[in-house]
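Enquirer: fold the following.
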Amino acid sequence: MDPSSSKLHTADDVASLLGVELDTLYRYARRGELRGLKMGKLWRFTQADVEEFIQSRRFHGGALAGAARLLPEILDRAARANRPGAGIASAEGRYSYGQIDLWSNRLAAALMSKGVARGDRVLVVLPNSVEFVVACFAVWKAGAVLVPESTAIRPANMRHVVEDARPTALILGRSVAEQFEAACWPFQDLKAVFVQNQTFALSGIESTEVESLNAVLEADAPFDSRTWRGGQSDDIVSITYTSGSTGLPKGVIHTHASWLAGAEFSRDYPGVTANDCIVISLPLYHGLAFRQVLAYMMAGGSMIVATDIYQALKWLREQRPTALLLVPAACGIMIDHFAPVLREADDHLRYVEIGSAPMSPERLNALRQLLPTTPVHLPYGLTEARVGFLERGEEGRLNRISGVSPGLELRVVNGDGRPAGKGETGEIVLRGRGLMKGYWGHPADERARLEVDGFHSGDLARVNSRGDVELLGRMDDVLKIGGRKVIPHEVEAALNSHPAVGESAVVGRPDPKGVFELELHAFVVLKGRGEGVTTEELLDHCRKQLEPYKLPAHVHIRKSLPKSAVGKVLKTVLQAEPQAQAG
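Expert: The predicted structure is shown next:
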């Protein structure tokens, strides 16, 4: 036996060799994936143990034989592993990582042949499909910057994105292309347009040829992988625009390093392996969804991309995946109308993740009754960073932040910028690994300050008696009613605890009587059997939990609430509505 194989290495040395955080290394050791010796509180690993672990990860298509430094490496490694059955499925078919890698090479070659250069922005607006994933990697392989957007984006926001990002190429779904056809868009540097299954000229940009995306993917175009291998980990690779629910969207800049950090956390927290398969119904342009794509690709696992919740249900029953990614609205549809499918899925699901909007305790309890043995993860994050997960806090609400991404520092600071003590309320500030690089178009010195001072998230939080951080809501949501501060989320939690309430939203509107500057308006959606519930009954329910000044002045019962494409309630729409009679 080679004496060097029994040499002991420290955890720090092994983490550095594998390119992972210490917490990740310990997780592998505790799960038995990496054999080691625990001496008191310290871990030690032999050379033979480390080499065996690296070889096993290579065999399963993992990325830990030296952590990926650039995003295209993830797809490159998954394609080279060539694991049977691994890849992405959609309504159109099943595609191996090798096929996706080949298609992304061809599209990257087409982009470069049109003059798209390093640092150019490419606007990608495609429905959930394998083409969306192909387009992302093609943009990165060309050295360009991805600008992903929703196919349901409002025209005013789309115009803002085009004016702000100034894309040199467009990769569009057909319905989106028709939207571009119907208006004059402010393109200044456009060099290429690719549309799914379509070739036609677009009004206002007749000088730019429109090509079929599908034809490009089938064309046998050579591509030199050295194009992307020379990139740097801190290169800008994406500009993701915020929802714009409180104003014009801002372009959040991410790098190879920040995307990879979020993806590693998404892989390691639930322990994703090559044997896992996830159904994704959340739009892929959303950061939470695409980090899952990267995470599963890193692990050599498989993905099923659904265009809507009904297609996701079909896949859930037919393919028996091990994981499911949902938004709360889709989760509600499954609970209310497809409970038998969820009961069946409890036999094969390892976990369910529900993100992009808050989940009420009542709905979560209903889900857990249908999935008694399946863990349900509630992520907390922003477009700017993948942060952690939410658990029950001291008051029973799902707002305690736990499982924070390794290397990302989370602090709560008061109005003076000092750390908040136990019982104090303040703003969440983030700094470290996985945080965005800054906002597109903002000064470089602002980006530099972000690394030193951290990112002030705008999220209001409280440090509880145990020292844990509990999320309270958005700071810009806090309302002053008669000189007192009211957090809408607290009022919404009281309303949602009524058994007949499905969801609610609380906003401030000008007081027509002029007594106060603002008064509270609550918009409530009742469950299927809540037709007989009155607004007075809802207010009586709230009186048992809230101080008098926190009670809504008006309660409006609605059939639905206005929401963004990923399920966030658009409170600005409710605020802007004409004053309505409470009902």
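
Enquirer: secondary structure class for Ala522?
Expert: Classification of Ala522 into helix, strand or coil gives strand, according to DSSP: H, G, I helix; E, B strand; the rest coil.

Enquirer: so where's the stretch 1-150 of the chain uncertain?
Expert: Residues of the stretch 1-150 of the chain that meet the criterion pLDDT under 70 lie in 1-6, 16-21, 31, 54-66.

Enquirer: what ranges does it have for its strands?
Expert: 8-10, 37-39, 42-46, 87-90, 93-96, 121-125, 145-148 (DSSP state E, counting those that start in this stretch).

Enquirer: could the ones you listed go into CSV alongside mean neighbour count and distance to Val573?
Expert: Where you see a C-beta, it was placed from the backbone N, CA and C, and this is true even at glycine. Conversion of these to CSV gives the following (neighbours: other C-beta atoms under 10 Å; distance: least, C-beta to C-beta, whole Å):
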stretch, mean neighbour count, distance to Val573
strand 8-10, 14, 56
strand 37-39, 11, 55
strand 42-46, 17, 53
strand 87-90, 21, 32
strand 93-96, 14, 38
strand 121-125, 25, 22
strand 145-148, 25, 24
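
Enquirer: could these go into TSV alongside distance to Leu213?
Expert: Below are these laid out as TSV (distance: least, C-beta to C-beta, whole Å):
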stretch	distance to Leu213
strand 8-10	48
strand 37-39	53
strand 42-46	47
strand 87-90	15
strand 93-96	15
strand 121-125	10
strand 145-148	15
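
Enquirer: tell me the secondary structure for the residue nearest to Arg397 when sequence neighbours are not counted?
Expert: Counting by C-beta to C-beta, 6 or more residues apart in numbering, Ala493 is the residue found nearest to Arg397 once chain neighbours are left out, at 6.0 Å. Three-state assignment for Ala493 (three-state DSSP): helix.

Enquirer: quick one, which of the strands of the stretch 1-150 of the chain gets closest to Gln188.
Expert: When these are ranked by proximity to Gln188, the top entry is strand 121-125, at 11.4 Å, counting by C-beta to C-beta.

Enquirer: which elements pack onto the closest one?
Expert: Using 3 or more C-beta pairs under 8 Å, 6 or more residues apart in numbering; DSSP states H and E as the contact definition, the elements that strand 121-125 packs against are helix 130-141, strand 145-148, helix 155-165, strand 169-172.

Enquirer: can you list the domains in this protein?
Expert: If the domains of the chain are taken from automatic domain parsing, they occupy 3-59, 71-255, 388-433+442-475, 478-576, with pieces of a single domain joined by a plus sign.

Enquirer: go through those and pick out the most buried.
Expert: Between the domains of the chain, the one whose residues have the most neighbours on average, counting mean count of other C-beta atoms under 10 Å, is domain 71-255 (a mean of 19).

Enquirer: my guess is Val412 contacts Leu430. True?
Expert: No. Shown here, Val412 and Leu430 do not form a contact pair, counting by C-beta atoms under 8 Å, at 10.8 Å.

Enquirer: state which helix of this protein is the longest.
Expert: Taking DSSP state H as the assignment, the helix of the chain that covers the most residues is helix 97-113.

Enquirer: so Met298 is in which element?
Expert: Met298 is part of helix 287-299, with elements assigned from DSSP states H and E.

Enquirer: just checking, next helix/strand downstream of that helix?
Expert: With DSSP H and E, the next secondary element past helix 287-299 is strand 302-305.

Enquirer: packing partners of that next one?
Expert: strand 87-90, helix 130-141, strand 277-280, helix 287-299.

Enquirer: contact partners of that strand?
Expert: Here strand 302-305 makes contact (C-beta atoms under 8 Å, 6 or more residues apart in numbering) with 85-90, 128-130, 132-133, 276-280, 284, 292-293, 296-297, 315, 319, 321.

Enquirer: contacting residues around whatever helix or strand comes next after it?
Expert: Along the chain past strand 302-305, the next helix or strand (assigned with DSSP H and E) turns out to be helix 309-319. Counting by C-beta under 8 Å, 6+ apart, the neighbours of helix 309-319 from elsewhere in the structure are 89, 91, 277, 279, 281, 304, 306, 321, 324, 326, 330, 333-334, 338, 341, 344-345.
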